[in-house]
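J.: Got a predicted structure here, sequence first:
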2 protein chains.
Amino acid sequence: MNETQVNAAAHPYPVYIGENLRHHTSDYLPKDYASILIVSDESVSNYYLSDVMAGLSQENVFSHTIPAGEQSKNINTFYQLHTKAIECGLDRKSLIIALGGGVVGDVTGFTAATYMRGIDFIQMPTTILAHDSSVGGKVAINHEHGKNMIGNFYAPAAVIYDVQTLYTLNAKEIRSGYAELLKEALLADKNLYEDLIAMDLNSLDSQKLIQHLTKGIEIKAGIVEVDEQEAGIRKHLNLGHTLGHALESLLGYGAWTHGELVAIGMLFALKISEDNYSAELPFEEIYTWLRNNGYPLQLPNIDPEMILAKMKNDKKTLNQKIQLVLLRGIGQPTLLEINDEQLLTYISDFQVEMNQRSKEG
Amino acid sequence: MNETQVNAAAHPYPVYIGENLRHHTSDYLPKDYASILIVSDESVSNYYLSDVMAGLSQENVFSHTIPAGEQSKNINTFYQLHTKAIECGLDRKSLIIALGGGVVGDVTGFTAATYMRGIDFIQMPTTILAHDSSVGGKVAINHEHGKNMIGNFYAPAAVIYDVQTLYTLNAKEIRSGYAELLKEALLADKNLYEDLIAMDLNSLDSQKLIQHLTKGIEIKAGIVEVDEQEAGIRKHLNLGHTLGHALESLLGYGAWTHGELVAIGMLFALKISEDNYSAELPFEEIYTWLRNNGYPLQLPNIDPEMILAKMKNDKKTLNQKIQLVLLRGIGQPTLLEINDEQLLTYISDFQVEMNQRSKEG
């Protein structure tokens, strides 16, 4: 088992990554809790909830299951979780555990952050993608007019990552998670990049997962420790996300996975990086790896003006000006403000090129 | 004008207390803001919204009015305020101003605390009572099962207190605010106590208001600076509130004011203090002052068991045990855990005595 510490502004917290941790959850709690509420979703709870319940030796352990999927990150689920917490008699010395992927982590974390003005919560991620959201303290729900619009920065008390829970993921979910790992590698770690680009996502094992997740979390933690509130370098984590989020919002959550659209967004950022910095970037290598691992790479046919409008709607946008995260090289992220006209050209050129490549197979 | 600084954990912030500040609001903003949204309620906006709007020289100033009263501290108003903030195009460099009493401050503050995971907000209190809630960073909405159950600790960027806005308060609201000032005096400042007990609430003027509010805020700030998250001495601020909140919840918000019920709660705490510490406490002096200033002092006829049950429902209650804030003397608060049986006796004895005194006039 690996243990990493994240030095958040509010308090440091440990991240445990290993096998079988869910059967011994009590061992990883930072202190005793009067009551514990485990929140999970319908798909995860079938597999793992009873293991976690059995792995807790405390007396007052409750559980609550929400529907699976992005639509659970809404104000109603948030309120229902508060109702459940009150009904279970949770007080300020109680704990809420989020057992699931990013959706469960986000809505549960935001509930814990606001229940009686904040009680402890622990993330138990069950997807590869959630390695990203479980560290860094961002919790939120969606507003009908925008993703993650209502939330807090709120550090968990611990992250307990049992990689055995990742074996029930399907291929799309594995691709989604590995896109974020690839992003972290591009931002900060050439060795991790080379490891990833040499691997086949069909040949995952626990050792590789532990190694990659630990590295990815260390990279993310290193960035958010310096800039928790996203005033500066935390923006780099947005690599691939400006286009990715816009497409996600236009296509509706669920049809494509988050990471698949981030992967397309990263290719877009690499193209613009090459154009602006004449950098030697591994566009072809990454394109090939993504294609070989089954990532859908044909850009959906959407009017570039609509894509641009969605980009501007992002809460990271200030004064209606779009800043893209680009790369001067692997491990060298940078921010560039790009005007609307130029961006529209980039989008339509990119659409043409990606569709051309897809046709050529 | 008085200026006090509150050294909150997140950041220090100034509290300006004086006359006519609302006409020059721009002068008191800590920085430039891209956009500003002012939230007020129906009764306050009629009087003061246009003054504040005119007192802001910025370009993008928007306003939104919510219904007056405690029922606006709910999840729907909270969500509507987010919708409004999005519609106005507020970004992370924008500001939300709460112009009003505690209800407006709480729901608006919680909106600002969670909009895009937190943007700046400024409190402009328009009640005496709100001197208490505007400092200390507690923001929240109510859950149908409990007051202030959903919220954050979130420090404002500034508090701008124009005492001229207090002249539209009715007698009940003045009583409500002065009960909290009396509480602060009892906790920490014998001189303030003597000032208050010698005054007539019908003879308020700006100078007295500025002086009392400044003192009250300094006392509160001194406590919350040491214990922002209410792990220790912040609990002292709960003097009179354990019974006060229980009665508020049983009587429905609105019939009695918050401060009027806190005043009754303080008398209750003084009685129990005398019983436990044989302290020389000014029960009679306070009772007389409250009666002379029109505070309703006949305890509503409610089954003590129901009152006890409500006390246990308070989010400050841990493990179902009730701790009361008591006084060993003026300026000497302390906490005492009291068992259920003893507490029931105290409640019914107190009811009998208060009703007896009321009959005697």
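T.: Right, received. Where do you want to start? Numbering: from 1, shown residues only, chains lettered A, B, ... in the order given.

J.: Whichever strand or helix holds residue A:264 packs against which elements?
T.: Element membership for residue A:264 (DSSP states H and E) is helix A:258-277. Contacts defined by 3 or more CB pairs under 8 Å, 6 or more residues apart in numbering or on different chains; DSSP states H and E place helix A:258-277 against helix A:171-188, helix A:241-251, helix A:283-292, strand A:322-327, strand A:333-338, helix A:340-360. Bear in mind the C-beta positions are built from the backbone N, C-alpha and C, glycine included.

J.: Mind checking the pLDDT average for that helix?
T.: The pLDDT scores in helix A:258-277 average 96.

J.: how about it: buried residues?
T.: For helix A:258-277, burial by neighbour count (16 or more other CB atoms under 10 Å in any protein chain shown) applies to A:258-273, A:277.

J.: Whatever residue of the stretch 151-300 of chain A ends up closest to chain B pairs with what?
T.: Residue of the stretch 151-300 of chain A nearest chain B, by CB to the nearest CB: residue A:151 (4.7 Å). Note on residue A:151: beta-bridge partners residue A:140, judged by DSSP bridges.

J.: so what's it up against?
T.: Applying CB atoms under 8 Å, 6 or more residues apart in numbering or on different chains to residue A:151 gives the contacts A:106, A:110, A:113, A:138-141, B:114, B:116-117.

J.: if we go to 6 Å?
T.: By CB atoms under 6 Å, 6 or more residues apart in numbering or on different chains, residue A:151 lies in contact with A:110, A:139-140, B:117.

J.: again with residue A:165
T.: Taking CB under 6 Å, 6+ apart, one finds A:48, A:126 in contact with residue A:165.

J.: Likewise for the one 10 residues further on?
T.: Applying CB under 6 Å, 6+ apart, one finds that residue A:175 lies in contact with A:260, A:295.

J.: interface residues of chain A facing chain B?
T.: A:75, A:79, A:82, A:86, A:91, A:114, A:116-117, A:143, A:145, A:150-153, A:315, A:318 (CB under 6 Å from any CB of the partner chain).

J.: Repeat the analysis, applying 8 Å as the threshold.
T.: Within reach of chain B by CB under 8 Å from any CB of the partner chain, chain A has these residues: A:34, A:75, A:79, A:82-83, A:86-87, A:91-93, A:113-118, A:138, A:140, A:143-146, A:148-153, A:229, A:315-319.

J.: can you tell me which of those residues are in strands?
T.: Using DSSP state E, the subset of the residues of chain A next to chain B located in strands is A:138, A:140, A:143, A:146, A:148-153.

J.: Quick one: which of those residues has the lowest pLDDT value?
T.: Lowest confidence among these: residue A:146, with 86.

J.: Run a quick neighbour tally on that residue.
T.: By the criterion of other CB atoms under 10 Å in any protein chain shown, residue A:146 has 17 neighbours.

J.: surely it meets residue B:87?
T.: No - with contacts counted by CB atoms under 8 Å, residue A:146 stays clear of residue B:87, the gap being 11.1 Å.

J.: before we move on, the earlier item: which single one of the contacts of residue A:151 is nearest to residue A:210?
T.: The closest of the contacts of residue A:151 to residue A:210 turns out to be residue A:139 (CB to CB; 25.1 Å).

J.: looking at it, that closest one is touching residue A:103, isn't it?
T.: No - under the criterion of CB under 8 Å, residue A:139 is not in contact with residue A:103, lying 11.3 Å apart.

J.: More neighbours: these two, which one.
T.: Neighbour count, other CB under 10 Å: between residue A:139 and residue A:103, residue A:139 has more, with 29 against 25.

J.: so who does that one touch?
T.: By CB under 8 Å, 6+ apart, the contact set of residue A:139 is A:105-110, A:112-113, A:151-154.

J.: repeat for residue A:109
T.: Residues in contact with residue A:109 (CB under 8 Å, 6+ apart) are A:98, A:121, A:123, A:139, A:154, A:156.

J.: hmm, back to that, how about a markdown table for the ones in strands among the residues of chain A next to chain B, with distance to residue B:303 added?
T.: Below are these laid out as a markdown table (distance: CB to CB, whole Å):
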| residue | distance to residue B:303 |
| --- | --- |
| A:138 | 47 |
| A:140 | 43 |
| A:143 | 43 |
| A:146 | 48 |
| A:148 | 47 |
| A:149 | 45 |
| A:150 | 40 |
| A:151 | 42 |
| A:152 | 40 |
| A:153 | 44 |
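
J.: if I've got this straight, residue A:301 is in a strand?
T.: No - read with DSSP: H, G, I helix; E, B strand; the rest coil, residue A:301 is coil and lies in no strand.

J.: Just the pLDDT at it, thanks.
T.: In this model, residue A:301 carries a pLDDT of 83.

J.: With residue B:271 as the reference, measure out to residue A:251.
T.: Residue A:251 sits 66 Å away from residue B:271, going by CB to CB, to the nearest Å.

J.: likewise residue A:85?
T.: From residue A:85 to residue B:271 the distance is 35 Å (CB to CB).

J.: sorry, back to before: which members of the residues of chain A next to chain B are classed as buried?
T.: The buried subset of the residues of chain A next to chain B - by 16+ other CB under 10 Å - is A:34, A:75, A:79, A:82, A:86, A:91-92, A:113-118, A:138, A:140, A:143, A:146, A:148-153, A:315-316.

J.: Identify the residue spatially nearest to residue A:105, adjacent ones excluded.
T.: Distances taken as CB to CB, 6 or more residues apart in numbering or on different chains place residue A:98 nearest to residue A:105, at 4.5 Å, with adjacent residues excluded.

J.: does that neighbour belong to a helix or a strand, and which?
T.: With DSSP H and E as the test, residue A:98 turns up in strand A:95-100.

J.: Note down every partner strand of that strand and its orientation.
T.: Under the rule (DSSP bridges), strand A:95-100 has strand A:36-41 (parallel), strand A:120-125 (parallel) as partners.

J.: out of those, which comes closest to residue B:223?
T.: Nearest to residue B:223, of all the strands paired with strand A:95-100, is strand A:120-125, at 24.0 Å by CB to CB.
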